[in-house]
Structures are given as structure tokens and as C-alpha cells.
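>>> just to be clear, the model below is a prediction. Sequence and coordinates:
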Amino acid sequence: MTRLIHLSDLHFGRTAPELLEPLFAEVDRLRPDAVVISGDLTQRARHGQFAEAAAFIARLQTPVLSVPGNHDMPLGNLFLRVFAPFHRFRRYINPDLQPVLRLPDAVVVGVNTANPLAWKQGKITTAQLQHVTAAFRDAGRRARIVVMHHPLEHLPGEEQWLMQGATQALHDLPQTGAEVVLSGHIHVSHAGPFTAAPGLLFVQAGTGLSTRRRTERNAFNVLDVSSDRIGVHTILADPSGTFRETRTLQFQRKDRLWHRAAQLPR
């Protein structure tokens, strides 16, 4: 089994400082095999904010895969946003905007959906889907997980634009071998099969540290991944600032489709 911690939308530059140490303590307690961060490490893509994000990653002491979010591109500096949108992300976080993490029981592939020309909406392309296909080519029996910032499907009541290429990506991703898609962007936790692609499990993380909350407190996910079963644990900060598990959902993959499963015994 592989244990992944799924963080998103940390927004350094607009965080709740009192949550930083409790978050580190909970990550240490959970002992993950890796941490994935699905974008928006910063609030305004400033040097100081990226330096904070880099220091945060360095403290995790475990393999980390990060992809950019729309907030990781300069918003107010149009020249930089058009001609060097990811310069600071590459400098402070990772030169590779679409990294691949190969673990004993899982292959995790990053996809950069941040789009300088549609700052908030995002975009996924055919070339990026080909990147996913290539990364999974030698995955064998390992779980196949994709990480991106923008969700491929709206949750009920969501009014934001769906990113460009999302419909085609949901059609094509199962053919790449993908089984799970992790995303962020809307600061709300969710886990369940995609409505339009039930062969893919849709896991959405809330905001781990930011004060820019929506309908839930600060949160992150823990995934316990085996060959045909995934447990998704949602960890929320309580009013005292302590992160506690509030929900666990189990999913079983059968006949290439994901189904809700009974809870595994503890």
C-alpha cells in the first residue's frame, strides 16, 4: 500500500500562520510515502511567497510532487505572465512543471493546467495527455495517479468556468491508463467517481493553510492506495487549530469502474 498526502491551495502570502506547525505535526504523524501539492502554492507569485513555499516543502522530509496553479503565475505583471509565467515556480519549486514520481506501488504524474492567457480558467491539451500516456507506459500493476490544479468536472453548485479541454480530457484520460485524478482550485474537499468518466476517481482537496476558505475549514486529504482499492481520508482543522480526520471514504475498482466500498476494519 502507498500513502499519499494531497495538499492544495496553500497560498503562501495569505495563510493562517497558526496552522503551519499543526499541519507539519499531522503530516509527521501520518508518515506518508510522498506528498503531492496540486497548485496555488502562492497568493501572488512573488519571490518571498515562493521562498516560503520552498521552505515548507523542504521541511516535509519526504518525496514531493508539485504542479503550478493559476496563482503561481504573476497576475498584475502582464509582461511576465505572457513571456515568463513560470520563471519563479521553476526557480524556487521545480524546473519541471510536469514531474513524474515513481513509487513502488504507484506512479504519479503532474500536469500543468495553469494558462497564462486565461489566468483563472486553466487549460489541458492533447500534448499533456500524451505526456500522461508516456509516463504510465511502464507502470505495470502500480496505481496510476494524475495531479493537476484545475478540476475536470464541476461539483454541484459550482459556478466557475470549467477549464479548456476538460471534456476531451475526461474522454481520453482512461485510455492513458489513468485511474485517479487529484486537483484543487476551488477550496472544497470531494471524493468520488467522475460523473462523465466513472472509471476515474475524482479527488479534490480543500485549502491546507489559506485564509481564503469557502464552505469548509482548512483541509487536506490522505490517500491509502492499493492495486484495486483506495481510501480517501479528509483531514480538517478544528476550531482550536488542530487537524483531525473527519471523513473516510473507501472506493473499490471493479470492471474498470470505481464504486463506493464498505469501510475497511481498523
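That came through, no problem. Note that this is a predicted model, so its numbers are computed, not measured.
>>> beta-bridge partners for the nearest residue to residue 198 once chain neighbours are set aside, please?
In space, and not counting its chain neighbours, residue 198 is closest to residue 257: 4.9 Å by Cβ to Cβ, 6 or more residues apart in numbering. C-betas here are computed from N, CA, C, even on glycine. Beta-bridge partners of residue 257, counted by DSSP bridges, are residue 254.
>>> all strands of the protein, in order?
2-7, 34-38, 64-67, 100-103, 106-110, 143-147, 180-183, 190-193, 201-204, 219-225, 229-237, 243-254, 257-261 (DSSP state E).
>>> residues contacting the longest one, please?
Right, the one you point to is strand 243-254. With Cβ atoms under 8 Å, 6 or more residues apart in numbering as the test, strand 243-254 has contacts from 19, 22-23, 25-26, 179, 189, 191-193, 201, 218, 220, 222, 228-238, 258-264.
>>> just the buried ones from these?
With burial judged by 16 or more other Cβ atoms under 10 Å, the buried subset of the contacts of strand 243-254 is 19, 22-23, 26, 179, 189, 191-193, 201, 218, 220, 222, 229-237, 258, 261.
>>> what about the chain, any weak spots by pLDDT?
For the chain, the stretches flagged by pLDDT under 70 are 263-266.
>>> find the centremost residue of it, please.
residue 38 (2.9 Å; Cα atoms, centre = their mean).
>>> please list all residues in contact with that residue.
By Cβ under 8 Å, 6+ apart, the neighbours of residue 38 are 6-9, 67, 69, 147-149, 182-185, 205.
>>> hmm, 10 Å instead?
Counting by Cβ atoms under 10 Å, 6 or more residues apart in numbering, residue 38 touches 6-9, 65-69, 110-111, 113, 146-151, 181-185, 203-205, 221.
>>> now residue 116
The neighbours of residue 116, taking Cβ under 10 Å, 6+ apart as the test, are 70, 73-74, 78, 80-86, 123.
>>> all helices of the stretch 51-200 of the chain, in order?
Remark: helices assigned in the stretch 51-200 of the chain by DSSP state H, counting those that start in this stretch are 78-83, 87-92, 126-135, 166-176.
>>> in CSV, list these along with mean neighbour count and distance to residue 14.
As requested, the helices of the stretch 51-200 of the chain are arranged in CSV below (neighbours: other Cβ atoms under 10 Å; distance: least, Cβ to Cβ, whole Å):
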stretch, mean neighbour count, distance to residue 14
helix 78-83, 12, 19
helix 87-92, 18, 17
helix 126-135, 17, 28
helix 166-176, 18, 27
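>>> any chance of the ones you listed in JSON lines, plus distance to residue 248?
Listed next are the helices of the stretch 51-200 of the chain as JSON lines, based on distance: least, Cβ to Cβ, whole Å:
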{"stretch": "helix 78-83", "distance to residue 248": "40"}
{"stretch": "helix 87-92", "distance to residue 248": "33"}
{"stretch": "helix 126-135", "distance to residue 248": "28"}
{"stretch": "helix 166-176", "distance to residue 248": "25"}
